[in-house]
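>>> Structure, please.
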Amino acid sequence: MHAAATPTNILSLLIPAVGGQGGGVLSEWIVDAAALDGFRVHGTSIPGVAQRTGSTTYYVEVLADRGATEDPAFSLYPVPGALDVLLAPEYLEVARMIEAGFVSPARTTVVCSTHRLYTIHEKTATGRAIYPRERLDTVARTAARRLVAFDALTVARERRTEVNAVLLGALAGSGALPVSVAAFRKAIESRGVAVAANLAGFDIGLDLGRGDNSVNEGAWGEPQGSPKQIDRGKRYGSPDLINLSSMPPAVREVVEHAMPRLIDYQDIDYARRYLARLRPLVDHEAVAAIVARHLATWMTYEDAIRVAQAKTRAARFARIRAETRAGDAVIEVTDYLKPDLDEIWGILPHRLVAPFARWAQRRWPHGRPTLGQHVRTTTVTGYLSVWLLARLRVLRPVSWRARVENERIERWLAGVQQALAWDEALAREVAQLARLVKGYGDVRRRLTSLFDTGLALALQVGEAEAQQGSGAAAATALLERFRTDVLDGPDGELRAAALATAATARALAGDVNGVRTLVMPSSVAG
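I've put the predicted structure just below:
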């Protein structure tokens, strides 16, 4: 049973906080501003576990009538359906508060940032578990009386201010509280901490809050030029590399993004190899678009050389300095690295280390020893050691890791083409199977083993169906179920392995109908 509704002369505001974004300071600014403007106000916090693993909320009530003679009875907790303002530093928090019933279409103004800080579940799931942005937009527009939404994190980073200051300005600009803009400014100044930067952020948010009610990424959130607007010759390093205009639109769009990534990863010849691998499939647009995306990701796998490239880029140190606002202060950066044996010798020539790799597989079949390192990349010796590692890029084409990855890539591409000869739907599923190849160390070894199992299973069942002239419906449904189970996490991996074992036994016995019964409704299987 809900508590009594908040009195209409008391305005309520809820901040569902995300760790590290200053929710506490934001609530204190609001309380201070209201008090400075002559309003009676009360604020409270409900502590919890931050960083997207729990709930930390701040609740503020403001008596809207300055001339009231009776002391108000403030509440310590928000009342579902009786909230006037939801001020959310992260977009999923809006949906969470709507689900809890706090937001009312008749009453609540929602001021929020549209950027995402992913939950633990979203980050740890094997498959893509990110909550759809489109659903967040729909829910927020539908549930709120008024919506003021923009990417406050991008704005804050580009203007060197803080998210909470920008959101405070948006709150002031929205007019959802009767507190004056001058009072909000005085509240920031009274704290005496990063006053200039916070006031700058407040002014930006003030302008955005005075805008329309639509979800707005704003000029600050847009990249400076889309891939189609950037000169192709500059991006590819060679203006006559290839004419992409002959490619189907869905494929060309992926390739436009893939080419600069591949060249940055290795060189132009490596990008040409990508295009050569893709060329036999371009007449089948739906399949080729899937292959183009996953092939680009796979061919830019994260090895020690790639990590070293990222660690030594000048842009990285500039970003660190900007985010920490260190000014002229000395910054020390320590990188914590923990490569395992496969990652260590994976960058060395295949002929040199292949015997050791085979021995390690026998000696440690379920995991490799790791070598922990703390590298201070802001020192001369630390930076040079990582910089020299990045220069080993010239050895990558003949490395042990490259041999292993390329052999698996070729098997996958051959499997796609074979499946395409039977059925395009099956070919799309075989192409999607590359989603399983991800992660590092033991996780990648486990998932690539399941990839091998899924590929062999699809080709085995597909061939059995082809011999019977019965299409490839069973192989397609089987592979879709297998992939979905694997991407569901460790428990799903066990289900996928059991499914593969059962299906393989039936396929070897020539029992295609038996395979169908595992993954298809009885009416279809029959």
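
>>> and residue 14, how many neighbours?
25 (other CB atoms under 10 Å). Where you see a C-beta, it was placed from the backbone N, CA and C, and this is true even at glycine.

>>> make that residue 501, sorry
Neighbour tally, residue 501, other CB under 10 Å: 12.

>>> mind listing what's buried in the one helix or strand it maps to?
Assigned by DSSP states H and E, residue 501 falls within helix 490-508. Under the neighbour-count criterion of 16 or more other CB atoms under 10 Å, helix 490-508 has 492-493, 496-497, 499-500, 503-504, 506-507 buried.

>>> again with stretch 283-297
By neighbour count on 16+ other CB under 10 Å, the buried set for stretch 283-297 is 284, 286-296.

>>> could you pull out the strands for the stretch 301-450 of the chain?
For the stretch 301-450 of the chain, the strands defined by DSSP state E, counting those that start in this stretch occupy 334-337, 373-376.

>>> Point out the most buried one among these.
Highest mean neighbour count of these: strand 373-376, a mean of 14 (counted as mean count of other CB atoms under 10 Å).

>>> who does it pair up with?
Sheet pairing of strand 373-376 (DSSP bridges) gives strand 334-337 (antiparallel).

>>> What segments of the stretch 101-250 of the chain are helices?
Applying DSSP state H, counting those that start in this stretch to the stretch 101-250 of the chain gives helices spanning 120-124, 133-143, 152-158, 163-174, 181-191, 195-209, 232-236, 249-265.

>>> quick check: angle from the fourth one to helix 195-209?
Think helix 163-174. Put simply, helix 163-174 runs at 40 degrees to helix 195-209, going by axes from the mean of the first three to the mean of the last three CA atoms, to 10 degrees.

>>> Let's see the pLDDT reported for residue 235.
Residue 235 is assigned 39 on the pLDDT scale.

>>> Does residue 81 touch residue 104 like I think?
Yes: counting by CB atoms under 8 Å, a contact exists between residue 81 and residue 104, whose distance comes to 5.0 Å.

>>> Now, the buried residues of stretch 283-297 that are in strands?
Among those, no member falls in strands (criterion: DSSP state E).

>>> Export those residues to TSV and append columns for distance to residue 31 and pLDDT.
Formatted as TSV, those follow (distance: CB to CB, whole Å; pLDDT from 0 to 100):
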residue	distance to residue 31	pLDDT
284	62	93
286	56	94
287	59	95
288	58	95
289	53	95
290	53	96
291	56	96
292	54	95
293	49	95
294	51	96
295	55	97
296	51	95
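
>>> which one of the residues you listed is nearest residue 37?
residue 293 (53.6 Å; CB to CB).

>>> Once you drop chain neighbours, what's closest to that closest one?
Leaving out its chain neighbours, the residue that sits closest to residue 293 by CB to CB, 6 or more residues apart in numbering is residue 254, at 5.0 Å.

>>> picking up where we left off before, mind putting the strands of the stretch 301-450 of the chain into a markdown table with mean pLDDT and distance to residue 437?
A markdown table is the format used below for these (pLDDT from 0 to 100; distance: least, CB to CB, whole Å):
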| stretch | mean pLDDT | distance to residue 437 |
| --- | --- | --- |
| strand 334-337 | 91 | 22 |
| strand 373-376 | 91 | 26 |
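
>>> Keep only those of the buried residues of stretch 283-297 that are in helices.
286-296 (DSSP state H).

>>> and those as TSV, adding distance to residue 118?
Shown next, in TSV, are those (distance: CB to CB, whole Å):
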residue	distance to residue 118
286	29
287	30
288	30
289	26
290	24
291	27
292	26
293	21
294	22
295	26
296	23
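
>>> I'd like the mean pLDDT over stretch 180-194, please.
Averaged across stretch 180-194, the pLDDT comes to 94.

>>> re the thing from before, quick one: closest of the strands of the stretch 301-450 of the chain to residue 453.
Counting by CB to CB, residue 453 lies closest to strand 334-337 out of the strands of the stretch 301-450 of the chain; the figure is 31.1 Å.

>>> which residues sit against the closest one?
Contacts with strand 334-337, where a contact means CB atoms under 8 Å, 6 or more residues apart in numbering, come from 307, 311, 372-377, 386.

>>> With distance to residue 463 added, can I get the residues you listed in CSV?
Formatted as CSV, the contacts of strand 334-337 follow (distance: CB to CB, whole Å):
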residue, distance to residue 463
307, 40
311, 46
372, 47
373, 48
374, 52
375, 50
376, 56
377, 52
386, 48
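
>>> between those residues, which is nearest residue 512?
For the contacts of strand 334-337, the nearest to residue 512 is residue 307 (45.8 Å; CB to CB).

>>> can I assume residue 86 sits in a helix?
No: read with DSSP: H, G, I helix; E, B strand; the rest coil, residue 86 is strand and lies in no helix.

>>> give me the beta-bridge partners of it?
Beta-bridge pairing for residue 86 (DSSP bridges): residue 14, residue 110.

>>> Contact partners for the residue nearest to residue 180 when sequence neighbours are not counted?
For residue 180, ignoring the flanking residues on the chain, the nearest one in space by CB to CB, 6+ apart is residue 37 at 5.4 Å. By CB under 8 Å, 6+ apart, the contact set of residue 37 is 178-180, 183.

>>> Okay, and which of these map to strands?
Going by DSSP E, the strands hold none of these.

>>> how close does residue 127 get to residue 478?
18 Å (CB to CB, to the nearest Å).

>>> Looking at the two now, which is surrounded by more residues?
residue 478 (28 against 16).

>>> What count of nearby residues applies to the spatially closest residue to residue 33 that is not a sequence neighbour?
Closest residue in space to residue 33, ignoring its immediate chain neighbours: residue 187 at 3.9 Å, by CB to CB, 6+ apart. Other residues lying near residue 187 total 23 when counted by other CB under 10 Å.
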